[in-house]
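Q: here is a sequence together with a model predicted from it:
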Amino acid sequence: MVVEPDVPPGRRGRLKVFLGAAPGVGKTYRMLDEARRRAGRGTDVVVGYVECHKRRHTLAGLDGLEVIPRSQRTYRGGEFDEMDLDAVLARRPQVALVDELAHTNVPGGRNAKRWQDVEELLAAGIDVVTAVNIQHVESLNDVVEKITKVPQQETVPDEVVRRAHEIELVDMPAQALRRRMAHGNIYTPEKVDAALANYFRVGNLTALRELAMRWVADSVDEALQKYRSDHGIGGVWETRERVVVALTGGPEGATLIRRAARIADRSAGGEVLAVHIARSDGLSGGASATALARQRALVESLGGSYHSVVGDDIPTALLEFARAENATQLVLGTSSRGRLERFMTGRGIGETVVALSGDIDVHMVTHERAGRGRLLGSRRRTLSTPRLIAGPVCGLVLPFALTALLAQIRGTLTLTSEALLFLLTVVGVACVGGVVSAVVASVTASLLLNYWFIPPVGQFTTTVDSALVTVVFALVAGIVAAVVDRSLRLSRRSARATAEAETLSSLAGSIVRGDQAIPALLERTRETFGMEAVELASLPVADPDVLQVPVGPDAFLVLRGRTLPSSERKVLTAFAAHVTVAVERARLAEVAAEVEPVKAADRMRTALLAAVSHDLRTPLAAGWAAVTSLRSRDVDFSEEDREELLATADESMTRLGRLIDNLLDMSRLQAGALELRLRATALEEVLPTALESLPPGAAPVDVQGLNAVPPVLADPPLLERVVANLLSNAARHTPRGESVLLTASTLADRVEVRVIDRGPGLSAEGRERAFVPFQRLGDTDNTIGVGLGLALSRGLTEAMSGTLTPEDTPGGGLTMALSLPAAGPPN
């Protein structure tokens, strides 16, 4: 799969990314194959940095390629290899191979991340071929962690990958990748079992594979939309089944949504987009906000999305939305208007959409309300151009037609009945063409009534009585027409307010549901008003073609696209008010975030004072009593008693020193002042000291797997403290006669250490509370410390870019899983 955005030639290098679902799918191999292919065509290709992980097939791919020597960096006592960026820039090849795009550089260079090195190469006009796994893409980081239970510390921004000239997916089925793992083509044999049982489970690999495919498919879709926009292509390209379903807020909505979902499900990757057109001129006043809310929930439960668009012409707005989304099919309900209403108002929305749909397939779906009329009476409440023409014409023609009809039945009706029929005609003209047309009809009708029906017939009568009848008729007809016209205007105004309320209700709902406030508001504004782009600017934009609305002292809502009519600008003002509130809320949230560390420190000090009042006093009192007794001249202690008192004093001072060290380290962690000296550290280096810190009589510790794992990147004294605290906690809760188990294994580029006990374990609610300072869950002896062990262990672990997670021990007990980055690539 290839994404090809327009890249100006000669100004910037081109980036090609090999994207994989998991380690071992063959990204580096394909990258080297690409390099050999280009070199064979005469292209100047160098290897800036390629990590082969000691895989023989990958190493063989380097044969014949020029490799730029790596730079050596010393950090925290360890030696590390990094790409020599300056050497690659000085060599200035046509193409450079740079592996592991998400890699974090060892301090010492000018860039913190390797993707920043790649950006420099591209800016220098050098093409770059690179590789990255889907778990390192920033937007998917939390999703991958939920699937694999392994946090990814190294990520690359989505935009960096999406800007690539080419993105090629390196795919492999889950079972094939597991077979490759079992054959030793990815990790060394001693690491295979742990990998297959954890990260490389079939479910994990299948989910990661789907994520990679969907991400690449979305990138292809974005590139396609950009191409269509740049080339002015408005027709539908049926690259993916997108079904737009039009909702009116009526009871038929659920039927239409389910039908659209069934249509979308017929093809893989089908998508449902529900849209409600909220008219600012009030075409339909029967839309129910409650029904629309239920229908939105139904759409989202079926995996679709809901959209609200403001449009004066419903068929045009609906089709513009469908074409903008590259929809392939459109689902509408059949007309709910009765036969009489269809006869009077002509072609409806459905028929108009079908006539204008072009290459979009339109499905007219029947429902129980079809043809039964609207739940709330509705008629066209705006004067379209045809009605503006038809009104005066009817005002002239209909009175003459009525006169011709009454002339045929002269003598059968009284003058009063004939006057009422003329009055009814005037009211009808008012409904069609408004008050101006009604005035024309009333004048015409009064003159015809005077000439043809008031004696003497056949001439205009100027007597007082006949003139009075004519004038009264004209006044009554005019007043009735004015009342009808005003009623229609009030209905139109009410419908407009309803439409605006529906739009704002939908907007507020998207925020209440938990969407990020400002991005959600900007997107809803763009979508609702059909704009090309909506952004938040800190300064006014000097562009006469944009619409700008102030939303704060240093914020402006900038809209690019069509010109908005005054009726829609009223709704935009309400949107701007929401944006103003969101901007102010974001500002307050930043202030609150700045204050929160201070509050946390205050809480820490309060808890510390409450805890140390007893826990510091206990070892001090015991040590003081022992020393005081030894110094007393009033008692003659035996040698055995003297040794016991000295042991008590020594144990008390040791406990006191350990407690003070923990308090100081916790204070440094809270203040962000803890200095780290990270280097490659073998677990065998810190474990003996950690074991020596266990008190006499503690449960024995069984150690397994330490020799099979690489060193970790850690601060040795801090790692020793973490392991000692975990072992101490496990030993304290291990029943008599049982032992504590410590195991080590490799998972991807991390080392996992598990401390396993057979104690009572922790409930789900108590797991996180166990890491809160000054907690002693399940302890009955308050002399064992202030409850800082686990809180300090997690803080120190996270400071070393690791994680500490509690798990259930099969068969009962608690397992503490400590995960740290390996000091080098897996063997």
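A: Looks like it came in fine.

Q: can you report how many residues neighbour residue 139?
A: Counted with other C-beta atoms under 10 Å, the neighbours of residue 139 add up to 12. Glycine gets a C-beta too; all of them are placed from N, C-alpha and C.

Q: burial of residue 74, as a residue count?
A: 11.

Q: kindly report the same for residue 159.
A: Other residues lying near residue 159 total 9 when counted by other C-beta under 10 Å.

Q: any chance you could list what contacts the helix or strand containing it?
A: Assignment of secondary structure by DSSP states H and E places residue 159 within helix 158-162. Under the criterion C-beta atoms under 8 Å, 6 or more residues apart in numbering, residues 3, 17, 19, 101, 115, 118-119, 132, 137-139, 167, 219, 222 lie in contact with helix 158-162.

Q: check which element follows that helix along the chain.
A: strand 166-170.

Q: may I have the predicted confidence score for residue 809?
A: Confidence per residue is given as pLDDT, and for residue 809 that number is 83.

Q: which residues touch it?
A: If you count contacts by C-beta under 8 Å, 6+ apart, then residue 809 has 756, 757, 758, 761, 815 around it.

Q: ok, it to residue 290 distance?
A: 51 Å (C-beta to C-beta, to the nearest Å).

Q: and the strands in the stretch 301-450 of the chain?
A: For the stretch 301-450 of the chain, the strands identified by DSSP state E, counting those that start in this stretch occupy 305-310, 329-333, 361-365, in order along the chain.

Q: which other helices and strands contact the second one?
A: Judged by 3 or more C-beta pairs under 8 Å, 6 or more residues apart in numbering; DSSP states H and E, the packing partners of strand 329-333 are strand 242-247, helix 253-265, helix 314-324, helix 349-356, strand 361-365.

Q: what about residue 471, neighbour count?
A: In terms of burial, residue 471 registers 12 neighbours under the definition other C-beta under 10 Å.

Q: quick one, what contacts it?
A: For residue 471, the residues meeting the contact criterion (C-beta under 8 Å, 6+ apart) are residue 446.

Q: that older thread, which of the contacts of residue 809 ranks first by neighbour count?
A: residue 757 (26 neighbours).

Q: from what I see, it and residue 813 are in contact.
A: Yes: proximity of residue 757 to residue 813 meets the contact threshold set by C-beta atoms under 8 Å, at 4.9 Å.

Q: did I read that right, residue 459 in a helix?
A: No: read with DSSP: H, G, I helix; E, B strand; the rest coil, residue 459 is coil and lies in no helix.

Q: quick one, phi psi at it?
A: Its backbone dihedrals place residue 459 at phi -150, psi 160, with angles given as degrees, to the nearest 10.

Q: try residue 800
A: Backbone geometry at residue 800, expressed as degrees, to the nearest 10, gives phi -100, psi 20.

Q: ok, back up a step: please identify the most buried of the helices and strands packed on strand 329-333.
A: The highest mean neighbour count among those belongs to strand 242-247 (a mean of 26), with neighbours defined as mean count of other C-beta atoms under 10 Å.

Q: check the offset of the helix holding residue 159 from the chain's centre.
A: Between the centre of helix 158-162 and the centre of its chain there are 16 Å (C-alpha atoms, centre = their mean, to the nearest Å).

Q: go on, stretch 203-220?
A: The chain centroid and the centroid of stretch 203-220 are separated by 17 Å, computed with C-alpha atoms, centre = their mean.

Q: average pLDDT across it?
A: So the average pLDDT for stretch 203-220 ends up being 85.

Q: quick one: buried residues of that stretch?
A: Neighbour counts over stretch 203-220 (16 or more other C-beta atoms under 10 Å) mark 204, 205, 207, 208, 209, 211, 212, 213, 215, 216, 219, 220 as buried.

Q: the residue of the chain most remote from its centre: what's it in contact with?
A: The outermost residue of the chain relative to its centre, with distances by C-alpha atoms, centre = their mean, is residue 456 at 82.5 Å. When the contact criterion is C-beta under 8 Å, 6+ apart, residue 456 has no partners at all.

Q: in three-state terms, label it for me.
A: Remark: residue 456 carries the secondary structure label coil [criterion: three-state DSSP].

Q: returning to that earlier point: just send the contacts of helix 158-162 back as a markdown table, with secondary structure and distance to residue 471 too.
A: Converted to a markdown table, those look like this (DSSP: H, G, I helix; E, B strand; the rest coil; distance: C-beta to C-beta, whole Å):
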| residue | secondary structure | distance to residue 471 |
| --- | --- | --- |
| 3 | coil | 78 |
| 17 | strand | 86 |
| 19 | strand | 85 |
| 101 | coil | 89 |
| 115 | helix | 87 |
| 118 | helix | 89 |
| 119 | helix | 86 |
| 132 | strand | 88 |
| 137 | strand | 82 |
| 138 | helix | 80 |
| 139 | helix | 77 |
| 167 | strand | 82 |
| 219 | helix | 77 |
| 222 | helix | 71 |
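
Q: what's the neighbour count on residue 180?
A: Counted with other C-beta under 10 Å, the neighbours of residue 180 add up to 16.

Q: and the helix or strand harbouring it, what's buried?
A: Secondary structure assignment for residue 180, by DSSP H and E: helix 174-182. Taking 16+ other C-beta under 10 Å as the basis for neighbour counts, the residues of helix 174-182 that come out buried are 174, 177, 178, 180, 181.

Q: same question for stretch 443-451.
A: Counting neighbours by 16+ other C-beta under 10 Å, the buried set in stretch 443-451 is 443, 444, 445, 446, 448, 449, 450.

Q: now, those residues that are in helices?
A: The helices, defined by DSSP state H, take in 443, 444, 445, 446, 448, 449, 450 from the buried residues of stretch 443-451.

Q: ok, these vs residue 30, which is closest?
A: The shortest distance between residue 30 and any of these, using C-beta to C-beta, involves residue 444 and amounts to 84.6 Å.

Q: isn't the closest one right up against residue 396?
A: Yes: distance between residue 444 and residue 396: 5.8 Å, which falls inside the contact criterion (C-beta under 8 Å).

Q: who touches both of the two?
A: Where contact means C-beta under 8 Å, 6+ apart, no residue is in contact with each of residue 444 and residue 396.

Q: ok, now how distant is residue 797 from residue 251?
A: 57 Å.

Q: repeat for residue 102
A: Remark: distance between residue 102 and residue 251 (C-beta to C-beta) = 51 Å.

Q: could you do residue 412 as well?
A: With C-beta to C-beta as the criterion, residue 412 and residue 251 are 47 Å apart.

Q: more neighbours, those two?
A: Legend: neighbour count by other C-beta under 10 Å for residue 412 and residue 251, higher for residue 251 (16 against 9).

Q: now do the SS call for the nearest residue to residue 70 once chain neighbours are set aside.
A: Once its chain neighbours are removed from consideration, residue 70 has its nearest residue in residue 81; the separation is 4.4 Å (C-beta to C-beta, 6 or more residues apart in numbering). Secondary structure of residue 81, reduced to three states by three-state DSSP: strand.

Q: please consider this matter closed, and thank you.
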